[in-house]
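Student: Provided below are the primary sequence and the corresponding predicted coordinates.
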Amino acid sequence: MSKSTNITWHDAAITKESRRKQNGHGSFVLWFTGLSGSGKSTVANAVAKELFDKNIKNYVLDGDNVRHGLNKDLGFSDEDRTENIRRIGEVANLFVDAGQVVLTAFISPFKADRELVRSLLDEGEFIEVYVKCPVAECEKRDPKGLYEKARKGLIKDFTGIDSPYEEPEQSELVIETDSSSIEECVEQVIQYLKGKELI
Ligand SMILES: Nc1ncnc2c1ncn2[C@@H]1O[C@H](COP(=O)(O)OS(=O)(=O)O)[C@@H](OP(=O)(O)O)[C@H]1O
Ligand SMILES: Nc1ncnc2c1ncn2[C@@H]1O[C@H](COP(=O)(O)OP(=O)(O)O)[C@@H](O)[C@H]1O
C-alpha cells in the first residue's frame, strides 16, 4: 500500500493567481545548472539582487546552504543527488505556488532529474539556465579548493572529475561564464525575462 493512501489534498483558499496579482508579477523558477565553480551562485545572487531592486519577490536556493539543513542527510552518490534535486524541485514548486520567483543553484548533473523538476511545474514556469564553463576553467578558479582535493583523491565522486555531468541540450538559456563577464551573464538573464514578459 502506498504511504500516501490516507492523505487528502486540500485546495488552497488563496490561489497562485491571486498571489501573483497581489505581488504584481509572475512566479517561476530560474534553474541554474552547471559544474562546481561555473558561476551558478554568483550569477543567481546577482540576478536576485536585480529582481529585488525591481520589487520582485524572490529567493535563492543554493546547493551548499540547502545541504546544511533540509538535505543534510544526503551525500554525493547518484541516488543522493537525485533525491537532492527531487526535494529542491518540490520546494521550488512551493515557492512558485506562493507567488515568488525562485532561483536555484545546484549542479543538478542528471538530465532526468532536471526534467522531473520541469514536469512538476506548469508550462513556462521552469526556466533552465545552463551555466556553461569548461571543467579546466572551473578547476583553475577552484573557489573552494575542491578540485584540488578531488585530484588528490581526498574527495570521491566529484562532478567533472570522477562523477558525470550531463550537459543540457535544450536549455531555455545558456550563459558562457568563461567568455562573458558576470555583468554580461546577469544582463543576458534579465533580457531573457524581459523578452518573455516575465518581468
Ligand atoms: N563530490 C562532490 N561533487 C560535487 N560537489 C561537491 C562534492 N562534494 C562537495 N561538493 C560541494 O557541494 C556542492 C554541490 O552540491 P549540489 O547540491 O549542487 O550537488 S548536486 O546537484 O546534488 O549534484 C558544490 O557546490 P558548488 O561549487 O556551488 O557547485 C561543492 O561545493
Ligand atoms: N562570468 C562569470 N559568471 C560567474 N562567475 C564568474 C564569472 N567569471 C568569473 N567568475 C568567478 O567564478 C567563480 C564562480 O563561483 P560560484 O559562483 O561559487 O560557482 P558555483 O556556484 O557554480 O559553484 C566566482 O569566483 C566568480 O567570481
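Tutor: Okay, I see it. These numbers were taken from a predicted model, which means no experiment stands behind them. Ligands and ions are numbered 1, 2, ... in the order given.

Student: Check the gap between residue 41 and residue 197 for me.
Tutor: Separation of residue 41 from residue 197 (CB to CB, to the nearest Å): 27 Å. Every C-beta, even on glycine, is put in place using the N, C-alpha and C of the backbone.

Student: Settle it for me: which of the two has more neighbours?
Tutor: residue 41 (21 against 7; other CB atoms under 10 Å).

Student: where's stretch 61-80 relative to the chain centroid, distance-wise?
Tutor: Relative to the mean C-alpha coordinate of its chain, stretch 61-80 is positioned 13 Å out (CA atoms, centre = their mean, to the nearest Å).

Student: ends of it, how far apart?
Tutor: For stretch 61-80, the first and last residues are 18 Å from each other (CA to CA, to the nearest Å).

Student: Would you mark the buried spots in it?
Tutor: When neighbours are counted by 16 or more other CB atoms under 10 Å, the buried residues of stretch 61-80 are found to be 61-63, 66-67, 71, 74, 76.

Student: and the two most separated of these?
Tutor: Across the buried residues of stretch 61-80, the longest distance by CB to CB is 17.7 Å; it joins 61 and 76.

Student: Which of the helices and strands in this protein ranks last by mean pLDDT?
Tutor: helix 63-68 (a mean of 86; mean pLDDT, DSSP states H and E).

Student: Can you name the element that comes right after that one?
Tutor: helix 78-97 (DSSP states H and E).

Student: partners of the helix or strand following that next one, with directions?
Tutor: Sequence order places strand 101-105 as the next helix or strand after helix 78-97, per DSSP H and E. Neighbouring strands of strand 101-105 in its sheet, by DSSP bridges, are strand 29-33 (parallel), strand 58-62 (parallel).

Student: So what's the residue count around the residue of the chain found nearest ligand 2?
Tutor: The minimum distance from the chain to ligand 2, using CB to the nearest ligand atom, falls at residue 39 (2.6 Å). Using other CB under 10 Å, residue 39 is surrounded by 26 other residues.

Student: what do you get for residue 90?
Tutor: Residue 90 has 11 neighbours, counted by other CB under 10 Å.

Student: quick one: contacts for the residue lying closest to it once chain neighbours are set aside?
Tutor: Nearest residue to residue 90, sequence neighbours excluded (CB to CB, 6 or more residues apart in numbering): residue 120, at 6.9 Å. Residues near residue 120 by CB atoms under 8 Å, 6 or more residues apart in numbering: 89-90, 92-93.

Student: go again using 10 Å as the cut-off
Tutor: Contacts for residue 120 (CB atoms under 10 Å, 6 or more residues apart in numbering) come out as 29, 86, 89-90, 92-93, 96, 126.
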